[in-house]
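Trainee: Sharing a model prediction with you, sequence too.
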Amino acid sequence: MKIKRYINLIVGLSFLAVAVVLWAMPTDSNSAPDNVARSARVLLDRVRLTHSRPSARFAGVTQAKNRAVLSFAVPARVARRLVESGSRVQAGQILARLEDGEFRNALDLARASVNELEAQATQAKRDLQRIRKLYAAHVATVSDLEKTETRQAALEASLQAARARMKESRRVLDETVLRAPFNGTITALKIQAGEWAVPGRGVMELTGDGPVELLVEVR
C-alpha cells in the first residue's frame, strides 16, 4: 500500500517537472500576436526646391571647317607672291607664280610637234587616196598601197601621242600658278619670292569662310 503511494507521488512530481520546463522555455517571435508593436527606424530630410540644373565645363577650340595647306605640284623658283599674311582672297584668285620659262618652252615644242604631224598626216591621207585610185586603175601595186596605208596609220598614231603631250605640257604650265581653292584668309606664309618650291611642300595656309567647328577634348 505504501509502495503504491510512492509510485503515484513519483509520477506526479515528474509531470510537474515537465510542466515547469515547458513554461520556462522562450517562445518563438513568429508566434507573437500581430497586434504587438514592433520598433522601426525612420530617416527624415528636408525637401529643397531649386531651378538650377547640373552643368559641366569643357575646354574647346574653334576652327574653320574649310582649311588648306597650299603647295605647288611642280618644282621651280617662286617668281611672285601676290598675297600677305592676313590677306582676304576669293576662290580662283592667283596667290603666287613660279618661273615658267622652262614649262612654256616645253609647251611650244609640243605644239610645234603637233603642227608638223598634222601636216604630214594630211599629206599621207592625200597620198593614200591617190594610190587607191592608181591601184584601181592597175597602175600601182598592192605593195605600194600597203606601204601608203601603213605610213598614214603611223602618222595618225604619232599625232595622237603628240596631242597628248601638248595637253600635258599645258597642264604642267597651269601648275606654275597657285590659286585659292575657296574664299578665305591667308593665315600663314612659308615661302618668299626667289625661293625654290618643292612639290607637295606647303607654301601658305588658307582658312576658309563659312561653318566653324568646335573641337572639345573629353577624357
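Mentor: Looks like it arrived, so ask away.
Trainee: CA only for contacts and neighbour counts going forward, please
Mentor: Fine.
Trainee: Name the residues of the lengthiest helix in the chain that are buried.
Mentor: Here the longest helix in the chain is taken by residue count, with DSSP state H as the criterion, and it is helix 101-136. Of the residues in helix 101-136, those scored as buried under the neighbour-count criterion (16 or more other CA atoms under 10 Å) are 103-104, 106-107, 109-111, 113-114, 117-118, 120-121, 124-125, 127-128, 131-132, 135.
Trainee: Would you map out the domains in this structure?
Mentor: According to the domain assignment given by automatic domain parsing, the chain is divided into the following structural domains: 59-99+178-219, 101-175.
Trainee: can I get the ones you listed in TSV with distance to residue 46 and mean pLDDT?
Mentor: TSV is the format used below for the domains of the chain (distance: least, CA to CA, whole Å; pLDDT from 0 to 100):
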stretch	distance to residue 46	mean pLDDT
domain 59-99+178-219	36	88
domain 101-175	76	95
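Trainee: residues touching the closest residue to residue 208 other than its chain neighbours, list them.
Mentor: If you skip the residues right next to it in sequence, residue 208 has residue 184 as its closest partner in space, 3.9 Å away by CA to CA, 6 or more residues apart in numbering. When the contact criterion is CA atoms under 8 Å, 6 or more residues apart in numbering, the partners of residue 184 are 88-90, 206-209.
Trainee: Drop anything exposed from those.
Mentor: Listed as buried from these are 88-89, 206-208; burial here means 16+ other CA under 10 Å.
Trainee: So which of those belong to strands?
Mentor: Of the positions in those, 88-89, 206-208 sit in strands, assigned by DSSP state E.
Trainee: Mind putting those residues into JSON lines with distance to residue 178?
Mentor: As requested, those are arranged in JSON lines below (distance: CA to CA, whole Å):
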{"residue": "88", "distance to residue 178": "15"}
{"residue": "89", "distance to residue 178": "12"}
{"residue": "206", "distance to residue 178": "12"}
{"residue": "207", "distance to residue 178": "16"}
{"residue": "208", "distance to residue 178": "16"}
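Trainee: Return the member of the buried ones among the contacts of residue 184 nearest to residue 77.
Mentor: residue 206 (21.2 Å; CA to CA).
Trainee: Spell out which residues sit in contact with the nearest residue to the closest one once chain neighbours are set aside, please.
Mentor: Nearest non-adjacent residue to residue 206, counting by CA to CA, 6+ apart: residue 186, 4.6 Å away. Shown in contact with residue 186 (CA under 8 Å, 6+ apart): 83-89, 204-207.
Trainee: Same check on residue 98?
Mentor: The neighbours of residue 98, taking CA under 8 Å, 6+ apart as the test, are 76-80, 176-177.
Trainee: mind listing what's buried in the helix or strand hosting residue 148?
Mentor: Remark: residue 148 resides in helix 142-174, with elements defined by DSSP states H and E. Judged by neighbour count using 16+ other CA under 10 Å, the buried positions of helix 142-174 are 145, 148-149, 151-152, 155-156, 158-159, 162-163, 165-166, 169-170, 172-174.
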